[in-house]
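> Need coordinates for the following:
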Amino acid sequence: MTDDLPQNLRDLADAKGVSSEYWDWKGNHTVIPPDALREVLTALGEDVSTEQATTASLTRLREEPWRRTLPPTVVARTAFPYRLHVHVADGASLTVHVDLEDGGRVDLEQLEHLVPPVEVDGVLVGEAAFEIPAGLPLGYHELVAEVGGDSPLPRPDSRLSRLIAVPHQLDLPAGVAEGDAHGLMTQLYQVRSRDTWGIGDLGVLRELARWAADEHDHDFVLVNPLHAAEPSGVLEPSPYLPASRRFVNPLYIDMGTLPSVELLSESARAEIDALAGQAAPLNDSAVLDRDEAWRLKRSALRAAYRELGPAQADRVGRWMESEGVGLLRFATWCAICDVHGPRWDEDWPVSLRDPEGPAVADFRAEHAGEVSFYCWLQWVLQVQLGEVQREALEGGMCLGVVHDLAVGIHPRGADAWALGDALAQGVTVGAPPDQFNQRGQNWSQPPWRPDRLAELGYEPYAEMIRSVLRDSGGIRVDHVIGLFRLWWIPQGGEPSDGAYVRYDHEAMIGILALEAQRAGALVIGEDLGVVEPWVREYLLERSVLGTSVMWFEWTDDGRLLPPSHYRRLCLATVTTHDLPPTAGYLELAHVDLRERLGLLTRPLAEERAEEQATIEAVRAELVAAGYLREDEVGDVPATTEAMHRWLADTASLLKGVALTDLVGDVRAINQPGTDEEYPNWRLPLADGSGTPVSLEDLRGS
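Residues are numbered from 1 along each chain as shown. From the prediction side, this is the model:
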């Protein structure tokens, strides 16, 4: 019970944004055990080893704002004035101004603010208030406090901080704001062609966008996360467990449209063609083989780089300068992986585990060619992604490519190595039990530390968002609720043993909106699952689109939500990648699969009966509304088509159709809660009989 928690532990948890209780998916009040709270607080850098240590941590935390002149980062909406609290030694003179991103300056007006001083370490510290005016230009500015006197408190090093001016509401792209937009949703790696190397790539994405625009008048193609994976060894199949969210997986490079490919010599072309011949059989395999596809493609890319790299050195060099230290660290991580393997936390020499250490600098110098190669791969990807987006827009799409942002990263990946204590240690991210994952989920991902993000000016987060939004019409944020709170699970614990940790959603959503505004893109938040009701209202206020999946949309009295009642600012779909395609759902493939894998928490007959009742309720509504005839009720293709006609009539701004539904696939691409028990993320696109469907099949269908 909550009353069993020591008061200082409860207060410390609240001060650090850790919830000691929550309401589960069934509406039950659930209390977090004290040991779980202590482990989460330890991951946030707090000492809770004893009662005395917990009290000392709470005291330090409460005094921290008074030890600083300015908060480490301020995120303010430009539509409203912002009241800024500043701390100085009692009686000291003080002025505050803003140095704007473009070089201008704004002096802040001091406001009346009567607060008694607080004694900290024997020094009386006062609090003043200043107004950051409405109407500042959007961007990343600097707050500067000029303080008289030489008191040691608040700390002199806290007189500079970052001010991030963000939009109140995100402007929607013109083509979307003017009317409904329809689009295709696909797991890109699933879609192979006769020219791919066993895995769908950016050449396929270009053709898919062209086909969707020309044949179906679609406005966008929403793809799975294209984030980077390991450069060597066994590749992680899940695009939602990437090595880095800032950089792109070179497995998606289209070998046919390499920049300046015409400069390759005949011998280089012959070498690449021979490797392509070895890769060709992979296009017919029943299960995707990323490892072999990447082995062959990487050899071909090395052959191309030997000749194109020197010719493109100036262009790539200028791009590398614009990308900064993040690119260099990522490329260095890739090069070290080639020597020592991807398990940096276990297999690398201890001296190489610190990205800022001298051993890493020495390694980078000794392996400069390999580091340059991995930088070149990222440059090629950015060139090709830009070309795909340009052609999609020129082909008539109003959005083009919409990218997916994974909720987290691999615990042994590049970001986990490069970002250091910006990520929490000793915990992983997941989700408490819900309707479709009744044992909960552990995604094995280290979460951002909200306190460190603020201290770092949110720069790692902003860089990641900026990179994903480059050359795109939008971004889908997987588990957008994670920008408000995340379920932290102590290392080694069960998913149900976690606790929610709150984030500064004003900062997280504000920066997301700022970067999207600058990119001319929209933001879709995947807001499924257990969601606090106010969160959807907040996202609506900021013009962040929600997500509605037909299977989950019901009225309070148990009726299927009518099309006219769908949210306007929303991406509406029939299904999602965490469910089987619609044909499979109608055949209860998801229930049979979970029973076979031991994931059900109630008897199979009960589970099937409840899911069948849901399906029958959907069919009854479709018949009553005239979307499905009585004689078609038992027909899976007819019901699938009727559900999509229902979707087409919804009030939602965006409507997405899964490519798997178009071809009649029945297999789940992913079964949450499993690893090797099911070929997650490794099934190619196929029809209802399991026969692979190629890009050429699609275009000729």
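
> pLDDT-wise, which helix or strand of the protein ranks last?
Confidence across the helices and strands of the chain bottoms out at helix 174-177, with a mean of 81, counting by mean pLDDT, DSSP states H and E.

> what comes into contact with it?
Outside helix 174-177, the residues that touch it by C-beta atoms under 8 Å, 6 or more residues apart in numbering are 171, 181, 219, 398, 399, 522, 653, 654. Every C-beta, even on glycine, is put in place using the N, C-alpha and C of the backbone.

> Just the buried residues out of the residues you listed, in PyMOL syntax.
The buried subset of these, as determined by 16 or more other C-beta atoms under 10 Å, is captured in PyMOL by this line:
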select buried, resi 181+219+398+399+522+653+654
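
> For the contacts of helix 174-177, work out which two are farthest apart.
When C-beta to C-beta is used, the two most widely separated members of those are 171 and 219, lying 17.0 Å apart.

> mind checking how far residue 535 is from residue 184?
28 Å (C-beta to C-beta, to the nearest Å).

> who has more neighbours, those two?
Neighbours per residue, other C-beta atoms under 10 Å: of residue 535 and residue 184, the larger number sits with residue 184, 22 against 19.

> Now do the contacts for that one.
Taking C-beta under 8 Å, 6+ apart as the definition of contact, the neighbours of residue 184 are 208, 212, 216, 218, 220, 221, 222, 656, 657, 659.

> Switch these over to a markdown table; also include distance to residue 192 and neighbour count.
Putting those into a markdown table (distance: C-beta to C-beta, whole Å; neighbours: other C-beta atoms under 10 Å) gives the following:
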| residue | distance to residue 192 | neighbour count |
| --- | --- | --- |
| 208 | 12 | 26 |
| 212 | 17 | 25 |
| 216 | 20 | 13 |
| 218 | 21 | 25 |
| 220 | 22 | 30 |
| 221 | 16 | 28 |
| 222 | 19 | 24 |
| 656 | 22 | 27 |
| 657 | 20 | 22 |
| 659 | 13 | 21 |
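
> Of those residues, which one scores lowest on pLDDT?
Summarising pLDDT for those: the lowest-scoring member is residue 216, with 92.

> got the phi/psi numbers for residue 699?
Recorded main-chain torsions at residue 699 are phi -70, psi -30, according to degrees, to the nearest 10.

> How about it: what's its closest non-neighbour residue?
Nearest-residue entry for residue 699: residue 211, 5.6 Å, with adjacent residues in sequence omitted and distances by C-beta to C-beta, 6 or more residues apart in numbering.

> Redo the contacts of helix 174-177 as a markdown table? Include secondary structure, distance to residue 282 and pLDDT.
Compiled in a markdown table, the contacts of helix 174-177 are given as follows (DSSP: H, G, I helix; E, B strand; the rest coil; distance: C-beta to C-beta, whole Å; pLDDT from 0 to 100):
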| residue | secondary structure | distance to residue 282 | pLDDT |
| --- | --- | --- | --- |
| 171 | coil | 43 | 94 |
| 181 | strand | 35 | 94 |
| 219 | coil | 32 | 97 |
| 398 | coil | 35 | 95 |
| 399 | coil | 31 | 97 |
| 522 | strand | 35 | 97 |
| 653 | coil | 39 | 95 |
| 654 | strand | 34 | 97 |
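
> out of the contacts of helix 174-177, which one sits closest to residue 475?
Nearest to residue 475 among those, with distances taken as C-beta to C-beta, is residue 522, at 7.8 Å.

> So for the least confident helix or strand of the chain, what gets flagged as buried?
By neighbour count, and taking 16+ other C-beta under 10 Å as the criterion, the buried residues in helix 174-177 are 175, 176.

> what's the next secondary structure element after that helix?
Remark: after helix 174-177, the chain's next helix or strand is strand 181-186, criterion DSSP states H and E.

> Could you list the paired strands of that following strand along with their orientation?
Looking at strand 181-186 with DSSP bridges, its partner strands are strand 220-223 (parallel), strand 654-658 (parallel).

> which other residues reach the first one?
Residues outside strand 220-223 that contact it (C-beta under 8 Å, 6+ apart) are 181, 183-188, 205, 208-209, 212, 392, 397-404, 473-474, 476, 571, 654, 656.

> try 6 Å
Residues from elsewhere that reach strand 220-223 (C-beta atoms under 6 Å, 6 or more residues apart in numbering): 183, 184, 185, 188, 208, 209, 212, 399, 401, 402, 473, 656.

> try the last one
Under the criterion C-beta under 6 Å, 6+ apart, residues 181, 182, 183, 185, 222, 571, 572, 573, 575, 647 lie in contact with strand 654-658.

> could you show me where the helices are in the stretch 601-701 of the chain, in order?
Assignment of helices within the stretch 601-701 of the chain using DSSP state H, counting those that start in this stretch yields the ranges 604-624, 636-648, 659-663, 695-700.

> which of those is buried the deepest?
Using mean count of other C-beta atoms under 10 Å, the stretch among those with the greatest mean number of neighbours is helix 659-663 (a mean of 22).

> Residue 487 falls within a helix, correct?
No - secondary structure of residue 487 (DSSP: H, G, I helix; E, B strand; the rest coil): strand, not part of a helix.

> Got the phi and psi for the nearest residue to it once chain neighbours are set aside?
The shortest distance from residue 487 to any non-neighbouring residue, by C-beta to C-beta, 6+ apart, is to residue 498 (4.8 Å). Listed backbone geometry of residue 498 is phi -90, psi -170, with angles given as degrees, to the nearest 10.

> Go ahead and confirm residue 498 touches residue 490.
No - applying C-beta atoms under 6 Å as the test, residue 498 and residue 490 come out as separate, 7.2 Å apart.

> out of these two, which sits in the busier spot?
Set side by side, residue 498 and residue 490 give different neighbour counts by other C-beta under 10 Å, the larger being at residue 498 (26 against 20).

> Identify the residues contacting the more buried one.
Under the criterion of C-beta under 6 Å, 6+ apart, the contact partners of residue 498 comprise 487, 488, 489.

> swap the cut-off to 7 Å and go again
With contact set as C-beta atoms under 7 Å, 6 or more residues apart in numbering, residue 498 has these partners: 36, 430, 432, 487, 488, 489.

> so how far is residue 37 from it?
According to C-beta to C-beta, residue 498 stands 10 Å off from residue 37.

> hang on, residue 576 packs against residue 549?
Yes - with contact defined as C-beta atoms under 7 Å, residue 576 counts as touching residue 549 (5.2 Å).

> so which strand or helix has residue 537?
In the assignment (DSSP H and E), residue 537 maps to helix 533-541.

> Show the pLDDT at residue 179.
pLDDT recorded at residue 179 is 74.
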